[in-house]
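In: curious how this folds, go ahead:
(chains A and B)
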Amino acid sequence: MKTLKWISVGACALAPAVAMGTTLETVQSRDSVRCGVNAAQPGFSSLDDNDTYRGLDTDVCRAIAAAALGDASKVDFVPLDSVERFTALQSGEVDVLSRTTTWTSSRDTTQGMHFTGVSYYDGQTFMVASDLGVQSAEELDGAAVCTQSGTTSELNLSDYFRIHDMSYDAVVFDSPEQSIAGFEAGRCDVLSSDASQLYAQRMQLADPNMAVVLPEIISKEPLGPAVRQGDDQWFNIVKWSLFAMLNAEELDVSSSNIDEHADSDNPDIARLLGQDGNFGEGMGLNADWAYQIIKQVGNYAEMFDRNVGADSNFKIARGLNALWRDGGIQYAPPIR
Amino acid sequence: MSVRPNTRPAGHKPPFWRDRAKRALVFQLLLTAAVAVFLFYIIGNVQDNLSARGITTGFGFLNNTAGFGIVQSLIDYSSQDTYGRTFVVGLMNTLLVGGLGVIAATLVGFIVGIARLSPNWLLARLATAYIETFRNIPLLLQIFFWYFAVLRTLPSARDSMAFGEVIFLNVRGLYLPEPLFESGFGLIPAAFIVAIIASIALMVWNKRRHEATGKRIPAGWISLALILGLPLLVTVATGVPITWDIPELRGFNFRGGFTVIPEFLALWLALSIYTAAFIAEIVRSGIQAISHGQTEAAQALSLPRNLVLRLVVIPQALRVIIPPLTSQYLNLIKNSSLATAIGYPDLVSVFAGTTLNQTGQAIEVIAMTMAVYLTISLLVSMFMNWFNARVALVER
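Out: Numbering: from 1, shown residues only, chains lettered A, B, ... in the order given. A predicted model of the protein is given here:
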């Protein structure tokens, strides 16, 4: 997979300095959205029994395809590991990166990319073997910690242990599969990653009860989709695709009841569904862009529950990811 | 024999395009200029494109704080050090596994290669089996084999295998006692150096005496005794100024002592064993390239078998062995970049992996990494070429 780096280096070297077509034009002429996702992170992006990618991150991709092309199935998923993901986006290998990627200032300002919003508010924590009897992360002095290369987890880990004046050995792997294998084999005492990922990885263990996830959350990990800089139209499309799903949840519009709102009296719903005004025009999209997202993919609550929430194996509570009116911090600007 | 008459009038030079040497020079200049223009264009273009895409360029990132931990470092390293230092840490880890790999592969390769030619049926067949097995399985699989199949089956830290209560082996690695030096220790390396100098002097004297008188003493054994014995004598005389830091199970892991991580062991074993299979074949072909008549002639002089090998066969075989051996050394060093697959913190894993990803400066990082491998390979080549020139048969 390291070839990707070389491809991008080559692409940067050879691409002429003239502006290429907009991302939307490229996507429309190709008739698909290329979306960088995790290869195997259940709940966010993993293959189901029919070899189809399922998960919250992949549904974000589908929403973008529904808005841009009117068909949520027109997505080419490109599985990426944590080391190659930014290069893939920078080089144009993918149109959007939706791969449990934490929004940080340096990624936004020095890596040629823009995060468009937060699809999942996460935080880093630790998973330890149950038989160690560890109750708190502050008891982890001297532990060997498995983590993934090139992630914010790798950096937070070092900060946390330094602040608490503890030592640790970082055992760094390329992929989540390798790090869970290392944890299971006893190479490390602790597996550290975002909480959502740890819950999913715990389910992958031969015996999930052999490990516990510690209560401490040691970092802010706002995960969201990211696009290349320099194409504001595409930036807006990706940004508002997610906002449309949040607005739909707020207005109680879902994939099952959307057609009952065909002639809604509620002006917010009418604007969302393109019955009053055309709010897709400014992004080069049809008036029904948000309708297509909600009809084909659903609103944010449907997406969350189906993949990681109540209707999934993970049963993760909405927590921070609840709407602002329900005590969470998910909040979308209005469509008008 | 006819001599072409010089029809040109004297004092009149031909135009430069008729002169072959000048024409060649012009073409070479043109080609150099074209390459320079191309490079200039590429570099400028990369910079334009990167800045147009909002990607930071330049090497300033090397002075920024890295902020991540590295499990094995030969120099002092903490997460508060710079990205520049992660480069050095990764480089040294690469050199460590490459250097130790070259040594082990050479030893094993020579032994197996000679064993394959042994008149002992079992020994020769075992060597053949070794070579055919290990050189026909992809290296990456062998690395995974040693890492996952062998080392991972070791016991956990709490059920470590203990050797004499000072050495421990478990899934986290091999824990060895680490010597801590007290005052007065300086005499021991001094004694070691004195012993080496004395040994060299003894060898030279012995050789001269042998050439002059035909008599000699077993200088090799005396030197060995000197090199081992003198430092030992000084150690005892100074009251053993060494204490051992013995690893001890505290909390999760063994603390203290010296740890060899399993990633290193797996990579080192895989690289050495794989490359040794190729070296064995090179050694065998080198020895077989020496005509049997040479051996017979040496035996006819009633030289003992070890001297036949040492004085007649091996010096000639080395001429055949060294050039392909150089390639194997280069392969081994470059193959060490497969470390990233099992998380050994080599240059590719640390610098072209984590550092690249945290800074996003792919072109700078990849260029530096390529330059390092190129430099290492060229230095190894230079050394081996020098060595080859030394052992090459001097024709008179």
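In: all helices of the chain, in order?
Out: You didn't pick a chain, so chain A it is. Remark: helices assigned in chain A by DSSP state H are A:3-14, A:23-30, A:56-69, A:85-90, A:105-110, A:152-163, A:176-184, A:195-204, A:232-250, A:267-272, A:289-296, A:300-307.
In: let's do chain B instead
Out: Along chain B, counting by DSSP H, helices occupy B:20-52, B:83-116, B:121-134, B:139-144, B:187-213, B:219-237, B:262-288, B:292-300, B:305-307, B:314-335, B:347-349, B:356-359, B:362-391.
In: the ones you listed: which one's closest to chain A?
Out: Nearest to chain A, of all the helices of chain B, is helix B:356-359, at 2.9 Å by C-beta to the nearest C-beta. Bear in mind the C-beta positions are built from the backbone N, C-alpha and C, glycine included.
In: show me what contacts B:Met161?
Out: Applying C-beta atoms under 8 Å, 6 or more residues apart in numbering or on different chains to B:Met161 gives the contacts B:154-155, B:168-170.
In: try 7 Å
Out: B:155, B:168-170 (C-beta atoms under 7 Å, 6 or more residues apart in numbering or on different chains).
In: quick check: the residue of chain A nearest chain B.
Out: Residue nearest to chain B within chain A (C-beta to the nearest C-beta): A:Gly150, separated by 2.9 Å.
In: distance check, that residue against B:Trp268.
Out: Applying C-beta to C-beta, to the nearest Å, the value for A:Gly150 to B:Trp268 is 25 Å.
In: how about B:Gly293?
Out: Applying C-beta to C-beta to B:Gly293 and B:Trp268 gives a distance of 41 Å.
In: circling back to that earlier point, can I assume the residue of chain A closest to chain B is in contact with B:Gly360?
Out: No. A:Gly150 is not in contact with B:Gly360 according to C-beta atoms under 7 Å; the separation is 9.9 Å.
In: just among the contacts of B:Met161, which is most surrounded?
Out: Ranked by neighbour count (other C-beta atoms under 10 Å in any protein chain shown), the contacts of B:Met161 have B:Phe168 at the top, with 25 neighbours.
In: shouldn't B:Val320 be in contact with B:Gln288?
Out: No. With contact defined as C-beta under 7 Å, B:Val320 does not count as touching B:Gln288 (9.1 Å).
In: more crowded one of the two?
Out: Neighbour count, other C-beta under 10 Å: between B:Val320 and B:Gln288, B:Val320 has more, with 17 against 13.
In: nearest residue to that one other than its sequence neighbours?
Out: Ranked by C-beta to C-beta, 6 or more residues apart in numbering or on different chains and with sequence neighbours excluded, the top spatial neighbour of B:Val320 is B:Gly286, at 4.1 Å.
In: so how many other residues sit close to the one you found?
Out: Here the count is done by other C-beta under 10 Å, and B:Gly286 has 21 residues near it.
In: can you pull the contacts of it?
Out: Counting by C-beta under 7 Å, 6+ apart, B:Gly286 touches B:317, B:320-321.
In: if I look at it, how far off is B:Phe110?
Out: Remark: distance between B:Gly286 and B:Phe110 (C-beta to C-beta) = 10 Å.
In: then A:Tyr300?
Out: According to C-beta to C-beta, A:Tyr300 and B:Phe110 sit 67 Å apart.
In: between B:Gly293 and B:Trp268, tell me which one has more neighbours.
Out: Legend: neighbour count by other C-beta under 10 Å for B:Gly293 and B:Trp268, higher for B:Trp268 (22 against 9).
In: list the contacts for that one?
Out: Counting by C-beta under 7 Å, 6+ apart, B:Trp268 touches B:97, B:100-101.
In: deepest-packed of the helices of chain B, please.
Out: Highest mean neighbour count among these (mean count of other C-beta atoms under 10 Å in any protein chain shown): helix B:347-349, with a mean of 27.
In: which regions of chain B lie under the pLDDT threshold?
Out: Residue ranges of chain B with pLDDT under 70: B:1-11, B:183-184, B:393-396.
In: which per-residue confidence value corresponds to A:Arg168?
Out: That one is not Arg; residue A:168 is Tyr. pLDDT recorded at A:Tyr168 is 88.
In: for it, grab the count of nearby residues.
Out: A:Tyr168: 26 surrounding residues under other C-beta under 10 Å.
In: again, but for A:Trp234
Out: Neighbour tally, A:Trp234, other C-beta under 10 Å: 25.
In: ditto for the one 4 residues further on
Out: Neighbouring residues of A:Val238 were enumerated by other C-beta under 10 Å; the total is 31.
In: lowest-pLDDT helix or strand in chain A?
Out: The least trusted helix or strand in chain A, going by mean pLDDT, DSSP states H and E, turns out to be helix A:3-14, with a mean of 49.
In: tell me the spacing between the most centrally placed residue in chain A and B:Ala201.
Out: Using C-alpha atoms, centre = their mean, the residue of chain A that lies closest to the mean C-alpha position is A:Thr100, 3.7 Å off. With distances taken as C-beta to C-beta, A:Thr100 is found 67 Å from B:Ala201.
In: can you give me phi and psi for the residue lying farthest from the centre of chain A?
Out: Within chain A, the residue lying farthest from the chain centre (C-alpha atoms, centre = their mean) is A:Asp265, at 34.2 Å. When read as degrees, to the nearest 10, the backbone of A:Asp265 gives phi -80, psi -20.
In: gap between it and A:Glu249?
Out: 19 Å.
In: same check, this time on A:Trp289
Out: Distance of A:Trp289 to A:Glu249, computed by C-beta to C-beta: 17 Å.
In: need the contact list for the residue most central in space within chain B.
Out: Centroid-nearest residue in chain B, with C-alpha atoms, centre = their mean: B:Gly99, separated by 3.3 Å. Contacts for B:Gly99 were tallied using C-beta under 7 Å, 6+ apart; there are none.
In: repeat that with 10 Å
Out: The neighbours of B:Gly99, taking C-beta atoms under 10 Å, 6 or more residues apart in numbering or on different chains as the test, are B:332-333, B:336.
In: surely A:Val212 meets A:Leu191?
Out: No. Using C-beta atoms under 10 Å, A:Val212 makes no contact with A:Leu191, being 11.1 Å away.
In: what's the domain layout of chain A?
Out: A:3-121+A:223-326, A:124-219 (automatic domain parsing).
In: of all these, which one comes closest to B:Ile376?
Out: domain A:3-121+A:223-326 (19.8 Å; C-beta to C-beta).
In: how distant is the closest one from the center of its chain?
Out: 9 Å (C-alpha atoms, centre = their mean, to the nearest Å).
In: stretch A:162-182 now?
Out: Relative to the centre of its chain, stretch A:162-182 is centred 22 Å away, using C-alpha atoms, centre = their mean.
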